[in-house]
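*Asks:* Here's my sequence, what's the structure:
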Amino acid sequence: MFSTSGLLFLNLALSCNANIALLASRKLVISGLQNASTYYVSADAGDDSRDGLSWENSWKTMSRVSEQTFSPGDTITLAAGETWTEPLQLNGPNISSEMDGFVDGITFANASEPPAVIVNGWVVDKALSGGGIPPVMVNVYLDGQLVISSHVANLSRPDLVKAGVAPNPDHGFVAKLGGSTGAKALHGHHVISVVAVGCGASQCGNGYGWELPMSPQCLCDGILCTPAQNKVTPCQTPWAEQPSVRLTAGIPPTSEQTAVLRSKRPVIRLNGTGTAVLTSKIDWLLIEGIEIDHATSGIRVTDKLHDSGGAGNVTVYNCIFRNVFNRSSIGQSIPTPGKRNCYNGWSPVLQAGGGTIRMVNNVFDNFDVAFLASGAMASARFLGNTMTRGNGNVVFFTASHDWLLTDNVFSRDYAPRFFQCGTTDIMVGGSDSSGTIARNEIGWRGEHPASPDGCGIDYEGGSDGVAVEENLIHDSYGAGIMVFGLSDPSRNISNARIAGNIFVRNGAQQMSDDRGEIAFMEHGSTGNFTDNVFFAASTSPAFVMNERVPGTLALGWHVANNTIHGIDAIPKSFTPTPAISTLAYQSNSSTMEIPVECRSCAENGITSVTVLYTTDGSWPQPGAPGTSVVPMTNAKQPAVITVSQTSAVNIRFAAPKMLTSLTTTIVVTIPPEDTE
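*Replies:* Predicted coordinates:
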C-alpha cells in the first residue's frame with residue numbers, strides 16, 4: 001500500500017477578478033477529473049518500459065514523459081531529491097474534428113496606395129494524404145467584428161509547409177482590409193483574428209497594435225483545429241475549477257531518508273543550454289514544488305488546445321529557478337552616437353501569454369528574466385516571489401489589462417553586461433496596459449556602468465491606469481520609478497497613480513537623465529502623485545522629482561502630500577537591517593540554522609526588536625500570511641531561524657515607533673551543495 005501524504009496536489013483558488021484583499025487568505029485547493037491519471041517518475045529507481053502509474057512501476061527519464069500525451073487533470077509526479085539532466089516536453093491531447101489542422105503564419109503587410117492591411121496565411125491539415133478537401137471558409141475579424149471572408153482552395157500538407165512550398169495560391173488565403181477598415185487597423189491599437197470555420201481562431205497582436213510599417217510582420221503560433229463548442233474563454237471560470245495538467249513532487253514510499261527528501265525538490269538540471277520545460281496543446285498547466293537549474297530558459301508555454309490569442313493558462317507555485325540565463329549573450333559594445341540597439345539576448349524563466357498567468361511563492365536566483373509576456377494576457381498575478389541576482393528586465397507586464405504584482409521581493413538585481421536601452425525590475429506599459437504594483441520591496445537595483453536606467457519600475461508608453469502603491473523602493477542605481485512615456489500623444493502614459501510609497505536613496509549613482517527618486521522623462525503623461533515619503537541623497541525637489549522636461553508635472557500631474565527627508569533621517573526612522581552570521585547545518589543536513597543579528601541596534605539606542613521572516617518567497621510584513629515572528633528581547637543576542645527546505649529566506653526587523661527595516665534575503669540550499 002502506498003501513502004500519498006508526501007504528494008503536493010495544490011491549486012490556486014484565485015478568480016480572474018482577484019484583488020489585493022483576496023491575498024489576506026491565500027487558499028490552496030485541488031481540482032481534477034474522475035478519469036485523470038497520475039504518472040510517477042524516478043531517475044534512480046524507474047524503468048521506461050513500465051506503465052508509470054505507480055511508484056513501483058515508475059518511469060525513469062524525461063524522454064519517456066515527453067512521449068506521453070496528457071489529458072486535463074493528469075498529474076506527473078517527480079521523485080523528490082532526484083535529478084534529471086534532460087529537458088521535458090509536456091504534450092496535451094489532439095482533439096479531432098472535421099479538420100485536424102491549424103491556422104499559422106499570418107502576416108501583415110502595408111500596401112502603399114491606398115492604405116491597406118493584407119492578411120495572408122494558410123491552413124494545415126495534419127491528416128491530409130493528398131488531393132485536398134473542398135474549400136474552407138476563413139473569416140477575418142478586427143476587434144471581434146467580422147470584416148471579410150476568404151476561402152482556402154486546398155489545405156496544405158505539413159511536408160509542404162516544412163519544405164517551403166506552402167503557403168501559395170493553392171494552399172493559402174489572402175484577405176485585404178482596405179478603405180476605412182484598413183486605415184483603422186493601421187492606425188491604433190487593434191487586434192486582428194482569423195477563424196477557419198471548424199478550426200477555432202488564430203489571433204495576432206501583442207497589444208501594441210499594428211502601426212505598420214513600424215511592425216511589418218506578425219507570426220502567430222498555430223492553434224489546433226477544434227470544434228467551436230470546445231473553446232474555453234479565459235477568465236470565464238475561476239482557475240480552481242479548471243482541470244489542469246500538473247507537474248509536481250512526491251516522495252517514494254520506500255525511501256529511507258524521508259526527512260532529507262522532504263527538504264529537497266526534484267531537479268531538472270541541464271548543462272547550461274536549452275529550455276527545461278516546453279509545453280504544447282495544454283490549456284491549463286500547474287507546475288509546483290520543482291527546481292530548474294542551469295538552463296537557458298525555464299518554462300516555455302507554446303500553443304494551447306482551445307483558446308485563441310496566444311498560449312498559456314499557467315500557475316507556477318513554490319518552485320526554485322537558479323542559474324537560468326542565456327550564456328551566449330555577451331552584451332553590447334558602447335554604441336556610436338545616434339545608433340540605438342535594444343536587442344539584449346535575455347532568456348526568460350517563464351514565457352507565456354494570451355491566457356491567465358499565476359506565479360506564486362517562487363524563488364529566482366541568478367537569472368535573466370523572471371517572466372516575459374509573449375502576448376497580451378487575459379489576467380496575471382505575480383504574488384509572493386523572491387528575485388535576486390536578476391540580469392535583465394526582471395518582470396515584463398505589457399499590453400494587458402488585469403494584472404497584479406504584490407508581496408514580492410526584488411533584491412540586488414544587476415546587469416552584468418552593457419545594454420544600451422537599460423534595465424529595470426518591473427516594466428509596464430503598452431496598448432493601454434493597466435494593473436497594480438502594490439506592497440513590494442524593490443531594492444538595490446543595479447546597472448552596468450555606462451548603461452541608462454537601472455530603475456526599480458519603468459512606466460513605458462501606452463499604459464493607462466497603472467497604480468504603484470505602498471511599495472518600499474530603495475537603493476536603485478537609477479530612479480526608483482522612471483515615467484518614460486513617448487513623444488507620440490496616443491502612446492503616452494495616462495491616469496497613473498503613484499501613492500503611499502517609501503523611496504530611499506534612489507538614483508544617486510546614475511549620471512544620465514533618469515536620476516533621482518522618480519524621473520519624469522517626457523511631456524504628456526498624466527496621473528496622481530500623492531502621499532509618498534522620500535529619504536533622498538539630496539532634498540532638492542529638482543532631484544527628488546526629476547523633470548527631464550521642465551513643467552511636466554504642472555501640465556499633467558496632481559502632486560500633493562509628499563514628504564522629503566534627507567538620508568541623515570534614516571537611522572531615526574528605520575529599524576536597522578538584519579545581518580546574517582555564519583550559517584550552520586544540522587548534523588543530518590535536513591535543516592539549517594540562520595543566526596540573525598542587529599549589529600547597529602545598540603548604537604541607535606534600540607534594546608529589542610521583532611524578527612519578521614518568510615521562507616515562501618513573500619515579503620515579510622506584520623500580520624501577513626506566511627510571515628513568522630520571533631521576539632528578540634535582547635538586541636545584543638542573535639536570534640536563530642531554522643529552515644528545513646531549499647528556499648529564499650527574507651528577514652526584516654520591526655521596532656516600536658519606527659519603520660520596519662529593509663529586507664535581508666538569503667537563498668539557502670538543503671542539503672548543502674555547490675551551485676554556480
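*Asks:* which residues does D407 contact?
*Replies:* When contacts are counted by Cβ atoms under 8 Å, 6 or more residues apart in numbering, D407 touches 23, 383-384, 439-440, 618-619, 621, 624. (Glycine included, C-beta is placed from N, CA and C.)
*Asks:* Would you mind listing the residues in contact with T77?
*Replies:* Neighbouring residues of T77 by Cβ under 8 Å, 6+ apart: 7, 38-41, 248-250.
*Asks:* What helix or strand is it located in?
*Replies:* strand 75-79 (DSSP states H and E).
*Asks:* Direction included, what does the helix or strand just after that strand pair against?
*Replies:* Next along the chain after strand 75-79, taking DSSP H and E as the criterion, comes strand 83-84. Here strand 83-84 is paired, per DSSP bridges, with strand 267-269 (parallel).
*Asks:* what does the strand it pairs with rub up against?
*Replies:* 62, 82-85, 87-88, 276-277, 290-295.
*Asks:* May I see the buried residues of it?
*Replies:* For strand 267-269, the neighbour count (16 or more other Cβ atoms under 10 Å) marks 267-269 as buried.
*Asks:* And for V640, the neighbour number?
*Replies:* Neighbour count for V640, taken as other Cβ atoms under 10 Å: 13.
*Asks:* how about low-confidence regions in the stretch 101-250 of the chain?
*Replies:* 101-139, 141-144, 150-176, 178-179, 182-243 (pLDDT under 70).
*Asks:* Next, the contact list for G551, please.
*Replies:* H523.
*Asks:* how far away is it from G524?
*Replies:* 11 Å (Cβ to Cβ, to the nearest Å).
*Asks:* hang on, the earlier thing: most widely separated two among the contacts of strand 267-269?
*Replies:* Put simply, by Cβ to Cβ the two of the contacts of strand 267-269 set farthest apart are E82 and A295, 17.0 Å from each other.
*Asks:* Comparing the two, which residue is more hemmed in?
*Replies:* Neighbour totals were compared for E82 and A295, and A295 leads with 27 against 19 (other Cβ under 10 Å).
*Asks:* Write down the beta-bridge partners of the more buried one, one by one.
*Replies:* Counting by DSSP bridges, A295 is bridged to V324.
*Asks:* same check, this time on E441
*Replies:* V409, L472.
*Asks:* pretty sure it contacts T406?
*Replies:* No - E441 is beyond contact range of T406, at 11.1 Å (criterion: Cβ atoms under 8 Å).
*Asks:* of those two, who's got more company?
*Replies:* More crowded of E441 and T406, by other Cβ under 10 Å: E441, with 25 against 21.
*Asks:* so who does that one touch?
*Replies:* 408-411, 471-474, 619, 662-663.
*Asks:* hmm, try it at 10 Å
*Replies:* Applying Cβ atoms under 10 Å, 6 or more residues apart in numbering to E441 gives the contacts 386, 407-411, 456, 471-474, 502, 619-621, 650, 652, 660, 662-663, 665.
*Asks:* ditto for L662
*Replies:* 411, 441, 443-444, 472, 474-475, 504, 570, 574-578, 652-653 are the contacts of L662 under Cβ under 10 Å, 6+ apart.
*Asks:* Look up how far N650 lies from it.
*Replies:* The gap separating L662 from N650 is 11 Å, by Cβ to Cβ.
*Asks:* Find residues that contact each of those two.
*Replies:* Joint contacts of L662 and N650 (Cβ under 10 Å, 6+ apart) are 411, 441, 578.
*Asks:* And the pLDDT for the last one?
*Replies:* To tie it back to what came earlier, the one meant is P578. Model confidence at P578, given as pLDDT, is 95.
*Asks:* go on, the second one?
*Replies:* According to the prediction, E441 has pLDDT 98.
*Asks:* same question, L78
*Replies:* At L78, pLDDT is 96.
*Asks:* Give me the number of neighbouring residues for it.
*Replies:* Other residues close to L78 by other Cβ under 10 Å number 28.
*Asks:* P656 too?
*Replies:* Neighbourhood size, P656 [other Cβ under 10 Å]: 9.
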